[in-house]
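J.: Predicted structure and sequence below. I'll ask about it afterward.
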Amino acid sequence: MSNLRVQRTFDALFSLEDVREVFRQSLPTGLTPEQEQHVKESLAKVKEYLAEIEAPDIKTACPPKTRIGNLDIRTREEEYINIHPIQAAGRLTPEARKAIIAYGDGYSTCDYCRKPFRLDKITKPGIDDFHGELAKWLNADQARVTPGARRAFQAVASALVEKGDSVIVSAFAHYTEFLAVEQAGGVVKEVPKNEKNVITADATARKIEDVKKETGKLPVLIMIDHFDYMLANEHDVYGIAKVAKQYGIPFLYNGAYTVGIAPVDAKKIGADFVVGSGHKSMASVAPSGVLGVSNEYAPKVLRTTAMVGDVTKRKFGIKEVENLGCTLMGGTLLSMMASFPTIKERVKDWDEEVQKSNYFLEQFQRVKGSAVLSEWPRKHTLSKVDTTGSYDVIAKTHKRRGFYFSEELTDRGIIGEFAGATRTWKLNTYGLSWEKIKYLSEAFLDIARKYDLPVDSNAASSYAPGEKKKA
């Protein structure tokens, strides 16, 4: 049964949207009597819903869950602790949710679009200024917003990679890096991981030499993730950037799991390109991303069209080719802009976020047979874990198999673990308060005790609040 107060909050919001729609359908001169009646009826519902939210002890049976047409309302962030591996840092801020209410219409960013008719030149709302702030924050020379990190990879590959060119990527590279290179006609060459599942500068240099020997020429681009999506291990991007500079190869820093949650400085890293994900790490609506570019490569990646129509002689010289003119329009961009002040502040708390992750995982490993597959101690809040020797032992004989574990977590208000997974799986604690981290830790221990799994009695922690230890 859903939480009545949460459901009524949505009901109240939706009723206010009904009021809003009346205003949208009315004449500028005012409402008709019929429209006034609709407003009155909708506001009456709002008052009823607010009364139920305000007095949760009212004996009201929870009604059927609210729907939006054929869609269920999404209440996982309001009713649960969500440890889903890729959703944690994409939760919208209150400001972003408000921006969606106000700017959800498709071309809402274009109300005051004037010549030169380009997204990053719009001054009202302050999209022009935002691009400048974004570049400064990344310490990149220029910045653009993109429809996801993948479209930033695509823009760079499209500009720099020719048919048959080699591009260095990590053995942990995301599939979108592969696709960006393939679409441009290039060939990926993977740097192998070492025994610690880390990509090193030395291994990258060896791969460059291998490619040079094999093809007779150097790779045209190096794309490496700071933290990969498989294990979220940290890779030597600083060392790799130095190697790239020694060979004169442009370096793309993939910060899909850092830009927006951890400090990122393009010049300090030595990156020619910085790519971030708005919906993964910047509390923004999907699909959204960012691209930082150095002045050295801006003329290529941010080139403007020179094509002229053969019949009409039309030309659109201000439009950027790799970005197909304009990119993020409407609520997607405005959500990023609304979250940006919070984003700039929260990156300062990255060490504590990692500390909280390590506290939880330390408690998690008290259950005998539970292990962390990612590098330990953790340097990130995203982790891959192995419960083959613990919770999966119960799954082998439980009538619900692995789903018993998901159900036990759900009963305790925790979701995000892949349903039925009791062997190897991923989770992310980013953004959880210490109160939630401790609740989460005790929930895992409680499930273990319920099924008589051995639990280490030593509850002391090296990562407790007040003991800020860096991983």
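T.: Cool, the structure landed.
J.: Go ahead and flag the most central residue of this structure.
T.: With the centre of the chain defined as its mean C-alpha position, the nearest residue by Cα atoms, centre = their mean is Lys280, 0.5 Å away.
J.: Would you confirm that that one contacts Ala88?
T.: No: with contact defined as Cβ atoms under 8 Å, Lys280 does not count as touching Ala88 (9.1 Å). Every C-beta, even on glycine, is put in place using the N, C-alpha and C of the backbone.
J.: one step back: okay, and the residue nearest to the centre of the chain sits in which element?
T.: Assessed by DSSP states H and E, Lys280 sits inside helix 278-281.
J.: List the neighbouring strands of the worst-scoring helix or strand of the chain on mean pLDDT plus their orientation.
T.: Least confident helix or strand, the chain: strand 67-68 with a mean of 90, by mean pLDDT, DSSP states H and E. When pairing is defined by DSSP bridges, strand 67-68 lines up against strand 71-72 (antiparallel).
J.: which secondary structure elements does whatever helix or strand comes next after the partner strand contact?
T.: Once strand 71-72 ends, the next helix or strand along the chain (criterion: DSSP H and E) is helix 76-79. In terms of contact count using 3 or more Cβ pairs under 8 Å, 6 or more residues apart in numbering; DSSP states H and E, helix 76-79 is assigned the packing partners helix 4-25.
J.: Pull the contacting residues for the residue nearest to the centre of the chain.
T.: Ile86, Ala89, Gly90, Ala149, Ala256, Tyr257, Gly260 (Cβ atoms under 8 Å, 6 or more residues apart in numbering).
J.: residue ranges of the strands in the chain, please?
T.: 67-68, 71-72, 81-82, 142-146, 166-170, 187-191, 221-225, 251-254, 273-277, 289-293, 371-372, 382-386, 414-415, 424-428 (DSSP state E).
J.: Could you check how far Gly185 is from Asp165?
T.: Distance of Gly185 to Asp165, given as Cβ to Cβ, to the nearest Å: 7 Å.
J.: The two: which is more packed in?
T.: Counted by other Cβ atoms under 10 Å, Gly185 and Asp165 do not tie: Asp165 has more neighbours, with 19 against 13.
J.: Hmm, Pro219 and the more buried one touching each other?
T.: Yes: Asp165 is within contact range of Pro219, at 7.4 Å (criterion: Cβ under 8 Å).
J.: just for the stretch 1-150 of the chain, where's the confidence low?
T.: 1, 56-62 (pLDDT under 70).
J.: Show me where it has its helices.
T.: All helices of the stretch 1-150 of the chain, identified by DSSP state H, counting those that start in this stretch, fall at 4-25, 33-54, 76-79, 94-103, 127-138, 149-160.
J.: can you pull the contacts of Lys365?
T.: Residue 365: Gln, not Lys. Remark: with contacts taken as Cβ under 8 Å, 6+ apart, Gln365 is in contact with Ala371, Val372.
J.: Look up phi and psi at it.
T.: phi -80, psi 0 (degrees, to the nearest 10).
J.: Spit out the contact partners of Asp236.
T.: Contact partners of Asp236, counting by Cβ under 8 Å, 6+ apart, are Val198, Ile199, Thr200, Ala201.
J.: ok, 10 Å please
T.: Listed by Cβ atoms under 10 Å, 6 or more residues apart in numbering, the contact partners of Asp236 are Val198, Ile199, Thr200, Ala201, Asp202, Ala203, Thr204, Ile224, His226, Lys242, Val243.
J.: Let me have the helices of the stretch 1-150 of the chain in a markdown table, adding distance to Lys396 and mean neighbour count as columns.
T.: Formatted as a markdown table, the entries for the helices of the stretch 1-150 of the chain read as follows, by distance: least, Cβ to Cβ, whole Å; neighbours: other Cβ atoms under 10 Å:
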| stretch | distance to Lys396 | mean neighbour count |
| --- | --- | --- |
| helix 4-25 | 36 | 16 |
| helix 33-54 | 44 | 14 |
| helix 76-79 | 29 | 14 |
| helix 94-103 | 43 | 16 |
| helix 127-138 | 48 | 18 |
| helix 149-160 | 39 | 25 |
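J.: Any chance of these in a markdown table with distance to Cys326 as columns?
T.: Supplementary listing: these in a markdown table, determined by distance: least, Cβ to Cβ, whole Å:
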| stretch | distance to Cys326 |
| --- | --- |
| helix 4-25 | 25 |
| helix 33-54 | 36 |
| helix 76-79 | 30 |
| helix 94-103 | 15 |
| helix 127-138 | 10 |
| helix 149-160 | 12 |
